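In: Coordinates for the following, if possible.
(2 chains)
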Amino acid sequence: MRMPLVMVLMVSVIAVATGGELPADWAFKPRTTPTPPAVRDATLIRNPIDRFILSKLETNRLSFAAPASRTMLIRRLYFDLIGLPPTPAQIDAFANNSSPKAVEQLVESLLKSPQFGERQATLWLDLARYAESDGFKADDTRTNAWRYRDYVIESFNRDKPYDRFVEEQIAGDELFPGDRDAAIATGFLRHWPDEYNAVNLEQRRQEILNDITDTNALAFLGLTAGCAKCHDHKFDPIPQVDYYRLQAFFAAYWPIDVPVGTDAEIAAAKRKHDDWLKQTAELRSKINDLEKPARESAQRKQRSRFDEEYAALLDIRFEQRSPIQKQIGAMIDKQVIASGKDVGKSMKGAAKDQWTAMMKQMEQYDRLKPPTLPSMAICTDVGPEAPKTHLLKRGNWRSPGDEVAPGFPTAVMGAKPQSVIKENSNTTGRRAALAKWLTQPDHPLTARVVVNRVWQSHFGKGIVGTSSDFGAQGDRPTHPELLDWLANEFVRSGWSLKWLHRTIVTSATYQQSSLISDSKESAQSIDSENRLLWRMNRRRLEGESLRDAMLSVSGQLNPKAGGPSIYPDLPDEIKKSAKNWPTSAKAEDRNRRSVYVAVRRNLRYPLLALFDAPDANETCARRFATTTAPQALMLLNDDLIVGIARQFADHVSSIAGKEPAAVVRTAFKMAVGREPNSEERTAMLQFLERRLQTSGETTDAVTDFCHAILNLNEFLFVD
Amino acid sequence: MFGKSHIPRFSSRREFLAAAGGGFGALAFAAMAHTQDKTSPRPDPANPLALQQSPFAPKADRVLFLFMEGGPSQVDLFDPKPELTKRHGQPLPASFGKVITPMGTGSNKLLASKRKFHKCGQSEIEMSDWLPFMSQCADDFAVVRSCQADGLNHVGSVCQMNTGSILAGRPSLGSWVTYGLGSPNQNLPGFVVLTDSGEVTGGPRNWGTGFMPATYQGTLFRSGAKPILDLDPPDGVSAERQRDKLKLIRELDDIHRQARPDDLQLSARLNSYELAFRMQAYAPEAVDLAQESEATKRAYGFDRKECADYAHRCLLARRLLERNVRFVQVYCGAGSQWDAHSDLEGNHTRLCARMDQPTAALLKDLKQRGLLERTLVVWGGEFGRTPMTEGTNGRDHDPYGFTMLFAGGGVKGGRVIGRTDEFGLRAVEDHAHVHDLHATILYALGLDHLGLTYFHNGRHERLTIDAGHVINKLFS
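Out: Residues are numbered from 1 along each chain as shown, chains lettered A, B, ... in the order given. Okay, the predicted model is just below:
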């Protein structure tokens, strides 16, 4: 019996929302140049976005909801733009600002805040499947991965043009040689989950290439190319060969760690190191001889784990290896050569004594040894020549088909190759060509896809609901003209993301109330999913914003920006078995923003995981917002939250004193951004009185009260 | 029937609705509008764990998966190989070609099993002398000797046995089952995982939901009196204080909702607090082993140090199955403990002593209580072990032909299905790939592995990815 109902709903939704049939390949076609349409009630218009939205509402005999109140709007703007709640003082200042430009002024200040980049980075890092550990079994730490996170934050804060942002992440090394930020940006390509001790090396290499291809296709093109790995895409005009043509751009991938520093610093460190090498040459050679039998035995054992075809690579000098041998060889070198590193420690008898004495001798040279320079993880090419790429039958690396050359998806019309692939001394030039193709102003997908993502971050849902699937199986845009208008203007603005955010949040569309007024009941029957945007959507905070908001209102948030990640305390039950979670020693470090909390693939910070942070094993375009009993249990019972409640209570008491009415008013406003109404005030005061009567302890009563406030729907949702 | 007196009484209409429809962690508001094709389940977005009808007549209502992590040796437990004994110390015949194993033992010499095998039960299924207790249940087991997996390393293989893929990121078997069928128990999770003290290789992804909403993920029960994280109020907070706090939350949420009556997400969060509160009352009773008789405990092996811990978990599993938890997974040897690269005798002697008695007791207990008939029991690891030696006395990983056991849930016991070569290295008959095992488990529950799909990134994803055949021989 469910079927007919579902079908009726679907029919009505399509009829209302899309208002016209778009072909399955609409997104591959050149953008149109729509002009904002005329509307009947022009007094409601704040900027051109509103014309597109309102005209469609009017067609359906609907209109905008009432504008959001100042208190509702400031909370929305704060969470959307910087991911934090406004303080009572900030709310009052905004509410009392009588300037007609009050909203614009607030928006400008938020866009300028360094916390803007922190909030926006959280969303981008999901797309980049960013993590600071390998995943798989060992889940080794990637100690320098955070530089990419800081790069993203900085890029958003400086409003780096999006075309440049894309170019840097795909081909920063090729297009902007010598630019440190652009080099770090290529970390984007490198965040694949990795198994350093894999034996089946060709399979591993293919998995890495698939990861890079899928991530790039989804993040920049909004295409679910993954299906075409195994067969011609059933619905999209993406034949299998296109998948491997796209993959060929990355076939020469070469992940390396390079020192961070000025050329002079790096040269100085090298000089010192060379000197140390020279001075210790004789002694090191002796140690080397002494360790030789043990080392060779350890390496022999490791070597025997591999198929002889792979193991043979160990006998070929790096320079002599072909490009693919270099890639595979690096994986085996890491396992076999490394096994010979620390053999001295496990030697026995006289040799061990001799070894210990020599190592002692080595120590006197330690003062000559320069400290290791910090490093950055970048991705470049293995050389000017790329390994061959083959179409893989059914996606199986054991069944290579025809060789394919790098090529752009044939279905994407209107985008021309911008430059021929030209290798240089170190790289193939392939990624540069791909990046330039993607960032041509007229590319039908690049601007549409990012504009839609930013729209989604503000409205909870994109103009295209499936923000990483612009193909035939994805949703059609609800407002195709608006999407194209925004994309055109965005490119014209110099690909400025801040322009885009500003334009969206200063529209009347964005500034509507999320509440249904009595007169709007019919809107719900016409468009229950609010695809036409006859009001603002309410959204639940992401885990990151929830944690940041709790730290903020309890007066503990440490705004320090950048640098290596922090490790907040774990629940006892999890701490027992947690690997590689060096809890930050200082409370102020543990209380930094969530974007700085280490992202471990095998142990996502529990609070964030519970509130739907993705596991970072693949790119994630849109998070779920689940509601589960374990979330309620954590917010009610976890020591972490109870501790925050206590701090919140202290913070409130330090401002409001002990007077219950003041406590209630202060805590409520700090947490949800408005004054309580009389009904709410009564309920809260009665609670405090009850608690005081039974426990007699003011502190306990206020703590319980503050704890309850942190659990409110209104604290977790943004109107 | 199941300690109703422990359930706090709610009088509101909301409470009634939640009790009627909500499950543990239910009421997720995921982006589900776009998820289904014709045959895949359509969870009610307001209550995604509500019971769903199986598309086909189910043979089982529940699954018990006993996961022997690290890879038990088939040739020393269920797959006797006289030829291996005969050719001890010789290399594999050249006709076997190149064998890739993680430790490069492919060309090592054959290592005979030191075990004695006995014909057990009326069915005369052969089991080794490491399994005196399970031997008594031989007639209940269908022994599948031809299992195959794709991974060579633990993490990928454990991941595949749980999710179908050696790469992380896909929903686990238990998640697919709860997604497809919902959860019959309103006060406990629909999918529970019980582990050893060790960490399961690869961690929570093995009971996670990958690209599906977290609503369907497995819940880890820890041993001891507090099985669920954050189940109890913090120390020093009385039940009365907690109730009072909840009352304030509800009062304020109710006021907040007056202006937002249409928003189901808000009511869902209100319900989730009531579910959490019910669980606080209900779960401790479900895991309270004090209610079990001494005789039962002895039968499971509570009095034997070597197996007491696993015995606890097995008995706990029975109590959960009895309370209609849909999918229960019990690990034995989490953290690759069966991984006998050296000293296979020592390792397996120890682990079999841990595993054998509680496993058999659990099976008998389920049978005696009439639960076995509708509970599909699965026993096995992520792969098996090579007939070739590693070092002098160990065995390497063998994903090419290993044994898994099935019982209950419509399975015809007392039979052997599939065959490996004369040394027990590779499956040669009735190949049963992990995808086939998964298709079969879904089939027993009345689900079609081709029809149970979830739309993600342009593809109607399914547990078996692009393969899978039901092993019909198990049921006929």
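
In: So which residues of the stretch 301-450 of chain A form helices?
Out: A:308-311, A:323-339, A:349-363, A:430-438, A:446-459 (DSSP state H, counting those that start in this stretch).

In: Of these, which is nearest A:Leu483?
Out: helix A:446-459 (5.8 Å; C-beta to C-beta). C-betas here are computed from N, CA, C, even on glycine.

In: low-scoring stretches of chain B, by residue?
Out: B:1-40, B:44-47, B:223-225 (pLDDT under 70).

In: After the lengthiest helix in it, which helix or strand is next? Please name it.
Out: Counting by DSSP state H, the longest helix found in chain B is helix B:344-368. Sequence-wise, the next helix or strand downstream of helix B:344-368 (DSSP states H and E) is strand B:375-380.

In: I'd like a version of the helices of the stretch 301-450 of chain A in a markdown table, one that adds mean pLDDT, mean neighbour count and distance to B:Arg313 as further columns.
Out: Putting these into a markdown table (pLDDT from 0 to 100; neighbours: other C-beta atoms under 10 Å in any protein chain shown; distance: least, C-beta to C-beta, whole Å) gives the following:
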| stretch | mean pLDDT | mean neighbour count | distance to B:Arg313 |
| --- | --- | --- | --- |
| helix A:308-311 | 91 | 14 | 41 |
| helix A:323-339 | 94 | 18 | 36 |
| helix A:349-363 | 91 | 12 | 45 |
| helix A:430-438 | 97 | 24 | 51 |
| helix A:446-459 | 97 | 23 | 44 |
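
In: Who are the contact partners of the residue lying farthest from the centre of chain B?
Out: The outermost residue of chain B relative to its centre, with distances by C-alpha atoms, centre = their mean, is B:Ala259 at 44.8 Å. Neighbouring residues of B:Ala259 by C-beta atoms under 8 Å, 6 or more residues apart in numbering or on different chains: A:Leu515.

In: Repeat that for the one 4 residues further on.
Out: Contacts for B:Asp263 were tallied using C-beta under 8 Å, 6+ apart; they are A:538, B:257.

In: Starting from A:Ser467, give me the distance back to the residue in the stretch 201-350 of chain A positioned nearest to chain B.
Out: As assessed by C-beta to the nearest C-beta, chain B sits closest to A:Thr224 within the stretch 201-350 of chain A, at 3.1 Å. According to C-beta to C-beta, to the nearest Å, A:Thr224 and A:Ser467 sit 11 Å apart.

In: Spatially nearest residue to the residue in the stretch 251-400 of chain B that chain A sits nearest to (excluding sequence neighbours)?
Out: Across the stretch 251-400 of chain B, the shortest distance to chain A (C-beta to the nearest C-beta) belongs to B:Ala276, at 4.0 Å. In space, and not counting its chain neighbours, B:Ala276 is closest to A:Ala632: 4.0 Å by C-beta to C-beta, 6 or more residues apart in numbering or on different chains.

In: I'd assumed that neighbour was in a helix, is it?
Out: Yes - counting by DSSP: H, G, I helix; E, B strand; the rest coil, A:Ala632 is located in a helix.

In: To what extent is it buried, counted in neighbours?
Out: 25 (other C-beta atoms under 10 Å in any protein chain shown).

In: Surely it touches B:Ala268?
Out: No - in this structure, A:Ala632 is not within contact of B:Ala268 by C-beta atoms under 8 Å, at 10.6 Å.

In: Could I get the contacting residues of whichever residue of the stretch 151-300 of chain B sits closest to chain A?
Out: Nearest residue of the stretch 151-300 of chain B to chain A: B:Val155, at 3.5 Å (C-beta to the nearest C-beta). For B:Val155, the contacting residues are A:136-137, A:195, B:201-202, by C-beta under 8 Å, 6+ apart.

In: 10 Å instead?
Out: A:135-139, A:195, A:197, A:602, B:166, B:168, B:200-203, B:205-206, B:336, B:382 (C-beta atoms under 10 Å, 6 or more residues apart in numbering or on different chains).

In: for A:Glu265, same thing?
Out: A:259, A:370, A:373.

In: Let's see the pLDDT reported for the first one.
Out: A:Pro259 is assigned a predicted lDDT (pLDDT) of 93.

In: all strands for the stretch 251-400 of chain B, in order.
Out: B:327-332, B:375-380, B:384-385, B:397-398 (DSSP state E, counting those that start in this stretch).

In: Hey, what's the angle from the first one to strand B:375-380? Just curious.
Out: It refers to strand B:327-332. Angle between the axes of strand B:327-332 and strand B:375-380 is 30 degrees (criterion: axes from the mean of the first three to the mean of the last three C-alpha atoms, to 10 degrees).

In: Can you read off the pLDDT for the residue in the stretch 1-150 of chain A that chain B sits nearest to?
Out: Proximity to chain B, evaluated over the stretch 1-150 of chain A using C-beta to the nearest C-beta, is greatest for A:Lys137 at 3.5 Å. You'll see A:Lys137 listed with a pLDDT of 83.

In: In contact with the nearest residue to A:Gly383 once chain neighbours are set aside, which residues?
Out: Nearest residue to A:Gly383, sequence neighbours excluded (C-beta to C-beta, 6+ apart): A:Pro323, at 5.7 Å. Neighbouring residues of A:Pro323 by C-beta under 10 Å, 6+ apart: A:251-252, A:254, A:381-388, A:428.

In: No more questions from me, cheers.
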